[in-house]
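> Return a 3D structure for these sequence lines:
(one chain, ligands or ions: 1)
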Amino acid sequence: MSTRELVVLGTASQVPTRARNHNGYLLRWDGEGFLFDPGDGTQRQLAHAGLAASDLTRLCLTHFHGDHCLGVPGVVQRMSLDRVRHPVYAHYPASGREFFARLRYASVYHEAADLREEPVEADGVIGTGAFGTLSARRLDHGVESFGYRIEEPDGRRMLPDRLAAAGVHGPQVGRLQADGRIEVGGRAVALDEVSEHRRGQRFAFVMDTRLCEGVGALLDGADLAVVESTFLDADADLAAAYGHLTAGQAARAAAECGVRTLVLTHFSQRYDDPAAFRAEAARHFGGTVVVAADLDRIPVPGRR
Ligand SMILES: [Zn+2]
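Residues are numbered from 1 along each chain as shown. Modelled structure (predicted):
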């Protein structure tokens, strides 16, 4: 069984609190581990979550405010200490190359991991693999910021009863999938007859931003979306001034874009009641709302 889940490592914006670590999110997607925005303390949060440095395959930073990147030194050094063997790709806004270099070489260590920097220059696809595509979209924050989206290609779901009726068995199924048709007992069976369209799963990661075109592009049809909601609607003027979203704005955008599960996070320390974020979001969004807490594990919702 493949695992597709979001492991929440931290949920605080700007200042960690007793209950909330700085940001940090690990998306486990089959064999991949996408680490988004590791804030201060991420290395230890990985340990609390029972995860290892070797679980990471990509590092994706939205921008270079500390709550989104101060965990890079610890994580990067740990990858070398643990002798992670596979390449790990690092994506971040290209304008922050110098910041990334400082974080990567913040102190002395023996660099053994194969960390490959692939800075993001513009909107578009930045990585491909068995998982599908990883793309970036520009957001609207005080500094250059990109959100990320993972998209699995659409495929075909095999229908066992139709396969049986057509007399297609065992290794013939694999051949039919590869070739699109197969001869069975003198009759041609086409893939379309014994399978149905299977929509690929989509994940979106939207951090520090005001509402903008990029938010919609990232969220479009996402099965699971992580969206910052630093503020509540009552403080919408602060959200606008500092380049953030409210829970209400995040929920309205998610509803318009057909998101299925909305994970709210990156909370300002000015609020102490997470229930207020859920209530505000539920007024606008009919899907599943998760007000993220540290060390939550949130499954990518099952295929429909
Ligand atoms: Zn932030």
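> Check the secondary structure at the residue nearest to residue 207 when sequence neighbours are not counted for me.
Nearest non-adjacent residue to residue 207, counting by C-beta to C-beta, 6 or more residues apart in numbering: residue 62, 4.1 Å away. To be clear about C-beta, it is placed using only N, CA and C from the backbone, and glycine gets the same treatment. When classified by DSSP: H, G, I helix; E, B strand; the rest coil, residue 62 comes out as coil.
> May I ask you to confirm that residue 62 is in contact with residue 140?
No - assessed by C-beta atoms under 8 Å, residue 62 is found out of contact with residue 140, at 11.8 Å.
> Helix, strand, or coil at the closest residue to the ion within the stretch 51-200 of the chain?
Closest residue of the stretch 51-200 of the chain to the ion, C-beta to the ion: residue 67 (4.3 Å). Using three-state DSSP, the three-state assignment for residue 67 comes out as helix.
> Might you report the residue contacts of it?
12, 13, 14, 22, 23, 37, 39, 40, 266 (C-beta atoms under 8 Å, 6 or more residues apart in numbering).
> So what does residue 296 have for phi and psi?
Note on residue 296: backbone dihedrals following degrees, to the nearest 10 are phi -60, psi 150.
> Sketch out the low-pLDDT regions of the protein for me.
Filtered on pLDDT under 70, the chain yields the residue ranges 1-2.
> Spatially nearest residue to the residue nearest in space to the middle of the chain (excluding sequence neighbours)?
Geometric centre of the chain, nearest residue: residue 205, 4.9 Å, by C-alpha atoms, centre = their mean. Once flanking residues are discounted, residue 205 sits nearest to residue 148: 4.5 Å by C-beta to C-beta, 6+ apart.
> just checking, what packs against the host helix or strand of that neighbour?
Assessed by DSSP states H and E, residue 148 sits inside strand 146-151. On a contact count with 3 or more C-beta pairs under 8 Å, 6 or more residues apart in numbering; DSSP states H and E, strand 146-151 meets strand 32-36, strand 132-138, strand 202-206, helix 213-219.
> Reformat these as TSV; add distance to residue 285.
Formatted as TSV, the helices and strands packed on strand 146-151 follow (distance: least, C-beta to C-beta, whole Å):
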stretch	distance to residue 285
strand 32-36	21
strand 132-138	21
strand 202-206	14
helix 213-219	11
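> now those in TSV, with distance to the ion?
Below are these laid out as TSV (distance: least, C-beta to the ion, whole Å):
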stretch	distance to the ion
strand 32-36	12
strand 132-138	16
strand 202-206	12
helix 213-219	15
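> and the ones you listed, which is most packed in?
By mean neighbour count, with neighbours taken as mean count of other C-beta atoms under 10 Å, strand 202-206 ranks first of the helices and strands packed on strand 146-151 at a mean of 26.
> And it, what does it pack against?
Applying 3+ C-beta pairs under 8 Å, 6+ apart, we find strand 202-206 packed against strand 24-29, strand 146-151, helix 213-219, strand 224-228.
> got the angle between the last one and strand 24-29?
For the pair strand 224-228 and strand 24-29, the angle between their directions (axes from the mean of the first three to the mean of the last three C-alpha atoms, to 10 degrees) equals 170 degrees.
> ok, then the element right after strand 224-228?
Assignment by DSSP H and E places the next element after strand 224-228 at helix 236-242.
> so after that next one, what's the next helix or strand?
On the C-terminal side of helix 236-242, the nearest following helix or strand under DSSP H and E is helix 247-256.
> got the angle between that following helix and strand 202-206?
Computed by the same axes, to 10 degrees, the angle between helix 247-256 and strand 202-206 is 150 degrees.
> Of the contacts of residue 67, which are in range of the ion?
residue 13 (C-beta under 5 Å from the ion).
> Out of residue 62 and residue 140, name the residue with the larger neighbour count.
Under the neighbour definition other C-beta atoms under 10 Å, residue 62 and residue 140 were set side by side, and residue 62 has more, 29 against 14.
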